[in-house]
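**Student:** One predicted model, sequence on top.
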Amino acid sequence: MANRFKNALKFSLNREDSSLDLRNIKYLPRWAVLLIDISLVLISSILTVLIIVDLTPNYYTILDFPAKILIGVLVHVFYFFIFKTYAGIIRYSSNIDALKLLLATTCAFLTLILINYVTFFIIGEKIYLIGGLLINLWIAFSLLFMFRLGVKQVYEFFKLAHKNEVLVRAVILGADANAISIAGALDIEHPKRFKIVGFLTKKKHHKSIRILDKPVINYKDTLHKQVKALNASAIILSENDFTSEEKFAIVENCLENDIKVYNAPIVSYYEDEEKPIAQQVKTLQIEDLLEREPIKLDKENKAAQLTGKTILVTGAAGSIGSEIVRQVAYYNPKKLLLLDQAETPLHNLQLEVESKFPGLNYKAIICDVGNQRRLELMFQNQNVDVVYHAAAYKHVPLMEGNPHEAVFVNINGTKNLADLAVKYNVGHFVMVSTDKAVNPSNVMGASKRAAELYVQSLFHQQSLIKDNPTKFITTRFGNVLGSNGSVVPLFRKQIEKGGPITITHPDIIRYFMTIPEACQLVLEAGTMGKGGEIFVFDMGEPVKIMDLAIKMIKLAGYIPNKHIKIKITGLRPGEKLYEELLTKESKTLPTHHKKIMIGVDKMRDYEEVNQKITTIIKSANKLKNDIVVAELKNLIPEFISNNSTYEKLDKISENAE
């Protein structure tokens, strides 16, 4: 304990100028704070005695002054323990700490009055003058409060006055509770990065209003002039009232006028209690500028399906699979099975799970979903309740050149898992699909559409013969921001290298969502699905990839086509200009969430689908690309190849008709 006290009082020497940095004084241990508080109460008692003796010679003599002081100090110590006034870090004292002090000293005052009158009724004489107790209450609270206030102010002074610290003068966009919380967090963080000089808000305020002793200015279109007027060089986005369009207009205004832009979390959404909120204020990323508002789903309704259940996640080491693992782990499943054929990524996920979820019962399984015997052994040994099937090959050009591999994993792998789920009475089977499965123009999309057809027809087939069939549910969404191999990480790397950014076509557009959003959809679908549905998100307006590239270049502080070139490379094999979430023949049904729809397709006969998929798998084993693709087109008539060598198969089909 002595060593800890020494460490608590240790000063940090600056290597360059040997100056003292009082901000690096470690916080006092609880026992040291308690000793200081007791000393202050003792001082207040002595001062009270001196005042009483000076004011009047008439005081009670049943006990001498040392005994009276001892009783008063012991009573105060008792209430210090009751209210834990010594437990807080002094330099972070707040109104709650002041309230605790007031309650402790007031309760001590009332207790001493009670002792006073009990003594009077027993022996006919009081111990303390009531006026003396009031004086002691005032002095004791004042000393205790001033001690904490003094430490806090001294710490703040040295924190701000450190001469080697260069602070970014910033304005917070917003003046709501979230903005104030962020400002307060930034003000006490150490080491300090920002000096908040004001607030900008859309709401009309009186010109003289101040928050945290900083001016509040009404936001105008000439934002950069208002920021410069406050001698600031950065803006922190914190208010949730701005739309995506307004936010991007603000960002463009700032970047064009050499103003840095940072993004702060919405405190009500903040979940990482171990990491200070101030550390979540980061440079704005393209993910923060989606052309729609991020989708939030209720997390509680998933507990019944996940808590205490055995959950299998295939493709667990991938971008989507690993996020599903993280989200499922919070629901305390009975067991979490992590299945993937990629050794190193699965090992990395295993290390992350052990670090973040030390109490989680999990098992990492190296397995290819095409290995039916290995999968069956796992289902035999594990009583699986829910399957989240995210294992798939997803890169369009690669699958266009290797269609048999798309069949082995995306089609045969899904068939293996689906058949075993039925055989071993799995409750829910949720498959991750893609918008590329709609009117597919490439092998990858066609293989995912084939997998969709199989699980849908299998559900309807078994629902005719079983009372409680496995519920097969499909989730379909667009591109995922930040996923492995996706456009955003690619552009980011190209910008870091100095360009050029490569785009296949100037008019190409895509739907986008974040990885957490995509995985929320997967979990939500597993909860609301009754079987056989395809769930899709209302993903807002699609994003033009050219606009995305320009935004990312500007966010990095460069001028498009001046500092970073944009190069058009031409459409890749199987790629089309736009993606769809539903076919023209599909109908949509609403759900309890306005952003989630159910796509209703014409149901295919299981025997027909199963027979054709079996034929596709047999052709893939022969490694004849044209035959594999031809069989896929036989199963999926809407599969029309685009910018691909397989376009000749469509021409042959047209001529045959």
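**Tutor:** Received the coordinates, thanks.

**Student:** hey, let's count contacts and neighbours off CA atoms from now on
**Tutor:** Will do.

**Student:** Tell me where the stretch 51-200 of the chain has helices.
**Tutor:** Using DSSP state H, counting those that start in this stretch, the helices of the stretch 51-200 of the chain run over 65-83, 95-123, 130-161, 177-188.

**Student:** I'd like to know which of those helices lies nearest to S441.
**Tutor:** Nearest to S441 among those is helix 177-188 (46.0 Å), distances taken as C-alpha to C-alpha.

**Student:** Let's test this: mean pLDDT of the closest one, rounded?
**Tutor:** Helix 177-188 carries an average pLDDT of 76.

**Student:** Tell me the helices and strands packed up against it.
**Tutor:** If contacts are counted by 3 or more C-alpha pairs under 8 Å, 6 or more residues apart in numbering; DSSP states H and E, helix 177-188 sits against strand 168-173, strand 194-201.

**Student:** tell me the most buried of those?
**Tutor:** Across these, averaging neighbours per residue (mean count of other C-alpha atoms under 10 Å) puts strand 168-173 on top, at a mean of 24.

**Student:** ok, residues contacting that one?
**Tutor:** 179, 183, 193-201, 227, 231-239 (C-alpha atoms under 8 Å, 6 or more residues apart in numbering).

**Student:** So what pairs up with the closest residue to A183 other than its chain neighbours in the strands?
**Tutor:** Leaving aside its chain neighbours, A183 sits nearest to I196 (6.8 Å; criterion: C-alpha to C-alpha, 6 or more residues apart in numbering). With DSSP bridges applied, I196 shows beta-bridge pairing to A170.

**Student:** roughly how far apart are I196 and R169?
**Tutor:** Distance, I196 to R169, by C-alpha to C-alpha, to the nearest Å: 6 Å.

**Student:** related to what we said a few turns ago, ok, the residue nearest to A183 touching A185?
**Tutor:** No - using C-alpha atoms under 8 Å, I196 is not in contact with A185, being 10.7 Å away.

**Student:** ends of stretch 419-435, how far apart?
**Tutor:** One end of stretch 419-435 sits 24 Å from the other (C-alpha to C-alpha).

**Student:** And for stretch 416-434?
**Tutor:** So stretch 416-434: terminal residues 20 Å apart, C-alpha to C-alpha.

**Student:** residues in contact with it?
**Tutor:** Under C-alpha under 8 Å, 6+ apart, the answer for stretch 416-434 is 369-370, 372, 375-376, 379-380, 383-390, 445, 448-449, 452, 455, 469-478, 522, 525-526.

**Student:** now stretch 439-456: how far from the chain's centre is it?
**Tutor:** In terms of C-alpha atoms, centre = their mean, to the nearest Å, the centre of stretch 439-456 is found 32 Å from the chain centre.

**Student:** I misspoke; the intended subject was stretch 311-331.
**Tutor:** The mean C-alpha position of stretch 311-331 is separated from the chain mean by 15 Å, C-alpha atoms, centre = their mean.

**Student:** swap in stretch 428-441?
**Tutor:** 26 Å.

**Student:** how about TSV for the helices and strands packed on helix 177-188, with distance to G315 and mean pLDDT added?
**Tutor:** Below are those laid out as TSV (distance: least, C-alpha to C-alpha, whole Å; pLDDT from 0 to 100):
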stretch	distance to G315	mean pLDDT
strand 168-173	41	84
strand 194-201	41	83
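
**Student:** pLDDT of the strand or helix carrying K493, averaged?
**Tutor:** Here K493 sits within helix 487-496, counting by DSSP states H and E. For helix 487-496, mean pLDDT is 83.
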